[in-house]
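1. Pasted the sequence and its predicted model underneath.
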Amino acid sequence: MIQTSIAASATARSTKISPDPVPLDPLLRLAGEINHVHALIVAEHGLDLMCGLIRRGCLAATILRTGDNADANDYDLVLVPDAPALPGIDEMIRIARRSLAPHGRLIAGVRDQKQARALARRLRLNGFTFLRTIHLPAQILLAADLRRMS
């Protein structure tokens, strides 16, 4: 597990982090406002995504690799750039449900419409709501909110 966070002392000057001049990655755009967010990236290679999150104001980011365990109820946002690369959709959903704090968000990428429909169905069955999709040339991104009691 790789972790990083931004920490500022009480006397430090506040500086606004400006986005890169190139368009934001669709995954980061779908994540929306990420200031003061604790994010979990479930991927074998997520360092670029972690750096992008931190550059855009994410408070803390952790990369979880296959086989690692995340802390329970500790993250506001879980990002899975390539869900089919994981051992199974049910395992990815289990990690997301365990890791997300109440009212957390999940964003997952899949390769085709069939996988998107299957993932959307499994997410709804597991308590995720307000599903949104973005269709890209080589990927479909799904975002969902986890609404559960504390």
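-> Okay, I see it.
2. Which residues does stretch 28-39 contact?
-> Residues from elsewhere that reach stretch 28-39 (Cβ atoms under 8 Å, 6 or more residues apart in numbering): 49, 52-53, 56-62, 74-79, 101, 105, 107, 132, 134, 141, 143. Placement of C-beta: from N, CA and C, glycine included.
3. Kindly supply the PyMOL command isolating those of those that are buried.
-> Buried residues within these, by 16 or more other Cβ atoms under 10 Å, are selected in PyMOL with:
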select buried, resi 49+52+53+56+58+59+60+61+62+75+76+77+78+79+101+105+107+141+143
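4. Sitting in helices, which of the contacts of stretch 28-39 do you find?
-> Leu49, Gly52, Leu53 (DSSP state H).
5. quick check, nearest of those residues to Thr66?
-> Leu49 (15.9 Å; Cβ to Cβ).
6. could you point out which element follows the helix or strand bottoming out on mean pLDDT in the chain?
-> Using mean pLDDT, DSSP states H and E, the weakest-scoring helix or strand in the chain turns out to be strand 2-5, at a mean of 58. Sequence-wise, the next helix or strand downstream of strand 2-5 (DSSP states H and E) is helix 26-31.
7. What does Gln115 show for phi and psi?
-> phi -70, psi -40 (degrees, to the nearest 10).
8. Roughly how far does it sit from Gly104?
-> Per Cβ to Cβ, to the nearest Å, Gln115 is found 22 Å from Gly104.
9. picking up where we left off before, out of the contacts of stretch 28-39, list just those in strands.
-> 60-62, 75-79, 101, 105, 107, 132, 134, 141, 143 (DSSP state E).
10. got a list of what the residue positioned nearest the centre of the chain touches?
-> Centroid-nearest residue in the chain, with Cα atoms, centre = their mean: Leu79, separated by 2.0 Å. Contact analysis of Leu79 by Cβ under 8 Å, 6+ apart lists Leu27, Ala31, Ala39, Leu40, Ile41, Val42, Ala43, Gly46, Leu49, Leu53, Ile107, Ala108.
11. Show me what it is bridged to.
-> Ile41, Ile107 (DSSP bridges).
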